[in-house]
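> 3D, please:
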Amino acid sequence: MEGLYLYCIRERLEPPFPFSAKGIDERQEVFTIACHELEAVVSKVSLKEFDSETIQIKAREDLNWIKEKVVIHEKVIEEAMRRDDNILSLIPMRFGTIFKEKARLEESLNKDYSKIKEVLDRIRGKQEWGVKVYLADRERVERVVKEKNEAIKGKEREVASLPEGMAYFMEEELREVISREVDNELNNMAEAFFKGLKKKAVASVKNKILGKELTGKREPMILNAAYLISEEKIEGFKKKASDLNQRMQDQGCYLEFSGPWPAYNFSHYSATKAQK
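Here you go, the predicted model:
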């Protein structure tokens, strides 16, 4: 038995054009289903292979399978958002959105038609860009904190004046204070970086900090943000990000920005409730 895997919803294109990417099962073609001025980008899937229970089991027991499928999911959406040199506005669906019947999908599109149009109107002419900031040199940040924090300076003088045995316990306490102050300083720096780019965006959001196992980097992440930017301000945003990166390298951090991405953070719509 076959169902439909839904990748994204966008405004209807005329004439339609074929997709080069294969579907989530790496066999079926990707195609569109029209609904008035909208179209859903889908491919057929085996409901036995892709039912929700199977996906949940795979998520627990076969992370490589999940990673491969997420890459395909993203690849289809990125192809759907590009036509020639233009970036199209679309609503990306979360991984694993499946309808058992075409009629159920059409019912969902008709039911939420006004809501979907509203989201597409809101993000039209704008692009999502991601910004990630990493801590490259914690010792440099620690030196800065020590230089400007009078309480730490006083504590260091106090430790230096104590006998060796008593100084040991005070040093432990001092290290905890310094570590806490460095963390506060990093939070302040991340907030300053976030606000520095926020001025260039229509909307912005801070996302969950990712661990090293997900970023693949040795340096810890201190900011994971997304920005929705008007197309005419993209170059200004990129220049601002590059300038910030130069400045933050002097502070022991560095910044990476990337885009355009499907507007995952700014097109909140879920067809999940309509799944049948």
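
> so what's Ser258 up against?
Trp129, Gly130 (Cβ atoms under 8 Å, 6 or more residues apart in numbering). The way it works is simple: take the backbone N, C-alpha and C, and place the C-beta from them, glycine included.

> Can you give me the pLDDT of it?
Listed pLDDT for Ser258 reads 95.

> That one and Ala225, how far apart?
12 Å (Cβ to Cβ, to the nearest Å).

> same question, Ala40
30 Å.

> Give me the common contacts of Ser258 and Ala225.
With Cβ under 8 Å, 6+ apart as the test, Ser258 and Ala225 both reach Gly130.

> So if I had to pick from Ala40 and Ala225, which one is more boxed in?
The residue with more neighbours, out of Ala40 and Ala225, is Ala40; 26 against 21, by other Cβ atoms under 10 Å.

> Could you give the backbone dihedrals for that one?
In terms of degrees, to the nearest 10, the main-chain angles of Ala40 are phi -100, psi 130.

> Excluding chain neighbours, give the residue nearest to it in space.
In this structure, Ala40 finds its nearest non-sequential neighbour in Ile33, 4.8 Å apart by Cβ to Cβ, 6 or more residues apart in numbering.

> so that neighbour, which of the three states?
strand (DSSP: H, G, I helix; E, B strand; the rest coil).

> and it, what pLDDT?
Confidence score, pLDDT, at Ile33: 95.

> residue boundaries of the helices in the chain?
47-50, 52-61, 63-80, 102-111, 113-123, 138-148, 150-161, 164-198, 212-215, 234-249 (DSSP state H).

> And those: which comes nearest Gly23?
Closest approach to Gly23 among these is made by helix 63-80 (7.2 Å; Cβ to Cβ).
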